[in-house]
Structures are given as C-alpha cells and as structure tokens.
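Chemist: just to be clear, the model below is a prediction. Sequence and coordinates:
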Amino acid sequence: MDSQDVEKIRGQEPLEIQCSEGSKSESDSLLVTWNSNDDPDHPFNWSQFRKWTITLLLSQGGLVTLMSGSMLAPALTTIAQDLNTGVEETQIFLSIFVLAFAFGPMILSPLAEVFGRRPIWIISSCFYILWNTVGGFSRSPGLLIASRILSGFGASAEFAISNPVLADCWHPSERGKSYAISTFIPLLGPALGPIIGGALTGTIGWRWSFWILSIYDGILVIIAIFAFPETYEVILLNRRAAMLRRTTGRPYYTETHGASETLSSKLAKSLNRPLRLLLTQPILQVVAVFLAYNFGILYIVLSTFATLWIERYGQSETYSGLHYIALVIGYTIAAQGGGQLMDLLWKRLKERAGNSTAPEYRVPLMIPGAILIPLGLFIYGWAAEKRYHFIVPDIGIAIFGSGIILNTQAMQAYVTDAFLKYTASASAASQFLRNIFGFAFPIFAPVLYQRIGYGWGNSLLAFTFIALGWPAPFLLWMYGAKLRALGKPQW
C-alpha cells in the first residue's frame, strides 16, 4: 500500500453530519476520519436499496419481538388449564416477557457500541430462538416463566439496535420516512400476535405460537448474515484505523478510540453508560416517564382486549383475535401519515430557523397523539361497558393505536436527535421505565376492569394520561433545550 492509498483511507476532513468541530491540524495527521461528506463507506452514502434492506430486516425482527409479547393473550385461559395456574400467575406468562425488555437493552446497547450493531443483533436473535423454542415445550409454570424471561432478553435487541441503526444510515431529514416503516411493522406485532395466537390456539395448540415465531426469526437471522453489514460509524472508523496500523506500523487512532486503548477499558466505559445517562440527563428522565405510561396503557389494552370479546361478547378465541385488526388499521394510518408529517415539519422548522436544527422539531407530532390516545380510550371503554356493536370499541381501539404510534415516533426521534453519539445507550435509557410499566400494568388490568368496569377503567387511564401526556409536548418544546443543557456531559 503506497502513501496515496493510505492517505485516501485515512481521510482528510471530519464528516459534517457527524457534528465534528473544527478541522485537523498537521499534528493530528494520524487521526482517522471520513474522507468527505461523500465518503462511500459512510452508511449515509450507501444506496437506497441497501439501506431499505437493512431497515426492513430489522423491522421484521421487531415484529417478531412484539408478536412474542402479545401472541399468548388469546391462549391464557387454555394455558391456565394445561399448566393448572391461577389468573394472576397466567397473566405473568404474558407480561414477564416485556420485563426483560427493560434490562436487556441496558446491557445489549453498550455492547453494540463496543462490538457493533451486527454481531449483537445476530447473537441476541439466536439466544431468543433457543429459549422461545424451549417455551413451547414447557410443562410447568416455572419453565415457561424462565423461558419467557430469557427469550425476552434476546428479543430486546430490537430496542437496543433498531433505532441506532436508523440513525446510522438515514439523514435526519429522512428519519420520518424510515420511522414510518421501522416503527409501523414492529407495532403490528401486538395486533397480529393475538390474531395468529388465537387461530393457532383454536386449531393446532398454543405451543405452536412459540415454534412458528422461532422458525420465522431463524429465517431472518440467515438473511442477516448476508444482508446486514455493520452500520456504526465508530466501529467502521476503528476498523479503518486498525487496518492502517497493521499496514503502516504507525499509531493511527480515531476520536473515540486511541491506538493503545484495550477492549476491557472500552467495556468498562460502555456497560454502565445507559444507567449513567438515565441518572444524569434530565431530558431522558422526562421522556422515560412519558414513554413508560404510553407503553403501560398499551399493554393493559393488549392483554385484556381478547378477553373482552371472549367473556363479554361470547366470541371464540379465533374470532377474538381478529379484532386486533382494528389496531393494525390505526397503526397503519398513523405510521404512514406520521412519518411524512415528521419529515415535513422538520423541513419547515429547519427553514424557519435559518437552516439550523434541534431535537425539538420532532415534538409537534406529539400533539395529535396526545389527543387521540384518551379519545380512543373513552370510546373503547364506554362502548365495551354498554356492549355496543363490536365496530364501536374497534373504532376506539384504532384511534387509541394511532395516538400511541404518533407519540412513540416523536419521542424516539427526539432521543435519537438529542444523543446522536450514543444513540443505542440513550434509547435503552429512555425505554427502561417503559418496559417495566409494560410488565407491571397488565398484572393489575383484570382487577381494574372487574372492579370498576371497562368504562370507568379506561376513563381512569385516559384522565391520568391527560394529566401526564397533555403537558408533555409543551414541556419538551419550551424547556427541552434547557433540560438537555442541565445534563452532565460525562457519558
């Protein structure tokens, strides 16, 4: 390799879109950066086909994750009979999977910042396949709970990897378009899961709910081996620097990795980063609370929706699952419309601010979401309470689902823009509370509806959301920058 080749690989200027400040002096000639804004090795400059292939692959993985969380809902009564368990314990079979989502990303996200997105996603998916398959063979409550926790840990890679990969590959101006697909397909999981689970439980048995998902995820892993390259620019630049050190013998380094830095030192800094971010960044704490309540009420609705149709409307497990199609419709409208609106708002606000950008430009999308969530809960709750025609609660659940999608898209994009350097760890930190709520809320859901009914039960959830959710967009818009500035920079 001659000196010209080395110089071409090493790079001359920092990539502007990485927010690197200043230019390198002569004394920094060993610092490895991108060649230019058009460097073909940077994921921003990959072909649209390649970026969409990665986006769709990871979104399918997210679909498997969220289907696994909800597919057992129509089968809970049958599982309780087969394993001889009570109502509360049976509900844990469903929600314990979600509890693993809280802790998995806190470990997997920093590992992805050390080893890269690709290996962590593939290994975690294989771990999920193993334990999800074991879940289908469970003959005791203990083994089923253990397999659900462990498979949930592997499946949580979707929360640790997907959003960071999108930030790696897509320009901020395209983020809404990519979120329209990446958010929409996984959030079909909570709707499609009970539909498929109900059909399987009523025909070939609930155990196939596990095995079919393991087979499908196995196919995704095989595809990923060939179609999912590493996207994290830190890893890509570190590889470039390592190659230069091998070929020249000179101590090339990157902004994030010194030539002599060891793996143990990188792990020591990275593994506690999500927790440090959550404890030291006020803006993440605020977003975490909003996301937590969103996810909690979503899982209350998901875990009890099938039971409503079975017990209150006298429908079969198979037909009860079909009502989740209403959620699919709501998700579809919100995801596609919300993604386009996000990019449009970003562009307009950027132009108005003289071409400058800020994470707050994602916030306006939260406003329609904050209105639709309680509206949907009121319609769904009181229609179910009065036993109106099935189309009325279905309309309510579709409106509710639309609001959840809009709110989730906006807040996830906000976190991505606010913490571009450590997107994986920041996403894990922001989702920690939400997944604990997703585990805990469905446990008390049956008691809630038994004691005060669907009308007042959902009204209670809606009024609580109004108290928390309606001030949220105004708080982030007016004080988001100040809250970010209060955060300690030692990440």
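Modeler: Sure, I can see it. Residues are numbered from 1 along each chain as shown.
Chemist: wait, Asp394 touches Leu322, no?
Modeler: No. Under the criterion of Cβ atoms under 8 Å, Asp394 is not in contact with Leu322, lying 9.7 Å apart. From N, CA and C alone the C-beta is placed, and that goes for glycine too.
Chemist: more crowded one of those two?
Modeler: Asp394 (23 against 18; other Cβ atoms under 10 Å).
Chemist: ok, that one to Val328 distance?
Modeler: 11 Å (Cβ to Cβ, to the nearest Å).
Chemist: ok, now Ala80?
Modeler: Taken as Cβ to Cβ, the span from Ala80 to Val328 is 27 Å.
Chemist: just the mean pLDDT for the longest helix seen in the chain, thanks.
Modeler: When the chain is parsed with DSSP state H, its longest helix is helix 423-469. Helix 423-469 carries an average pLDDT of 84.
Chemist: immediately after that helix, which helix or strand?
Modeler: Downstream of helix 423-469, the next assigned helix or strand under DSSP states H and E is helix 471-486.
Chemist: what packs against that next one?
Modeler: helix 282-307, helix 366-385, helix 391-418 (3 or more Cβ pairs under 8 Å, 6 or more residues apart in numbering; DSSP states H and E).
Chemist: host element of the residue lying closest to Phe439 once chain neighbours are set aside?
Modeler: Nearest residue to Phe439, sequence neighbours excluded (Cβ to Cβ, 6 or more residues apart in numbering): Leu99, at 3.7 Å. Assessed by DSSP H and E, Leu99 sits inside helix 87-115.
Chemist: what do you get for Leu220?
Modeler: Assigned by DSSP H and E, Leu220 falls in helix 207-227.
Chemist: how distant is that helix from the center of its chain?
Modeler: 19 Å (Cα atoms, centre = their mean, to the nearest Å).
Chemist: not counting sequence-adjacent ones, nearest residue to Thr85?
Modeler: Per Cβ to Cβ, 6+ apart, closest to Thr85 is Pro141, 5.3 Å.
Chemist: hmm, Asp82 and that neighbour touching each other?
Modeler: No. Using Cβ under 8 Å, Pro141 is not in contact with Asp82, being 10.2 Å away.
Chemist: isn't Pro164 right up against Arg118?
Modeler: No. Counting by Cβ under 8 Å, Pro164 stays clear of Arg118, with 11.6 Å between them.
Chemist: more neighbours: the two, which one.
Modeler: Pro164 (25 against 20).
Chemist: ok, the more buried one - contacts?
Modeler: By Cβ atoms under 8 Å, 6 or more residues apart in numbering, the contact set of Pro164 is Ser109, Ala112, Arg117, Tyr232, Thr416, Thr423, Ala424, Ser427.
Chemist: for it, which three-state class applies?
Modeler: helix (DSSP: H, G, I helix; E, B strand; the rest coil).
Chemist: how about Ile181?
Modeler: helix.
Chemist: and it, how many neighbours?
Modeler: Residues near Ile181, counting by other Cβ under 10 Å: 18.
Chemist: could you find the closest non-adjacent residue to Tyr324?
Modeler: Nearest to Tyr324 is Ala191, by Cβ to Cβ, 6+ apart, at 4.1 Å.
Chemist: pretty sure that neighbour contacts Leu322?
Modeler: No. Counting by Cβ under 8 Å, Ala191 does not reach Leu322; the two are 10.3 Å apart.
Chemist: I'd say Phe295 and Phe437 touch.
Modeler: Yes. At 5.5 Å, Phe295 and Phe437 qualify as touching, with contact defined as Cβ under 8 Å.
Chemist: show me how the chain divides into domains.
Modeler: What automatic domain parsing lists as the domains of the chain is 3-38+234-263, 43-231+272-485.
Chemist: now for Gly56: which residues touch it?
Modeler: Heads up, residue 56 is Leu, not Gly. Ile181, Ile185.
Chemist: going by neighbour count, list what's buried in the helix or strand hosting it.
Modeler: Taking DSSP H and E as the definition, one finds Leu56 inside helix 48-70. Neighbour counts using 16 or more other Cβ atoms under 10 Å place 51-55, 57-70 of helix 48-70 among the buried residues.
Chemist: tell me who's in contact with the residue nearest to Phe439.
Modeler: Listed by Cβ under 8 Å, 6+ apart, the contact set of Leu99 reads Ile149, Gly152, Asn435, Ile436, Gly438, Phe439.
Chemist: and the fifth one, how many neighbours?
Modeler: Applying other Cβ under 10 Å, we find 28 other residues in the vicinity of Gly438.
Chemist: tell me, how many residues neighbour the nearest residue to Val64 once chain neighbours are set aside?
Modeler: Leaving aside its sequence neighbours, Val64 sits nearest to Asp217 (Cβ to Cβ, 6+ apart; 4.8 Å). Look at Asp217: counted by other Cβ under 10 Å, it has 26 neighbours.
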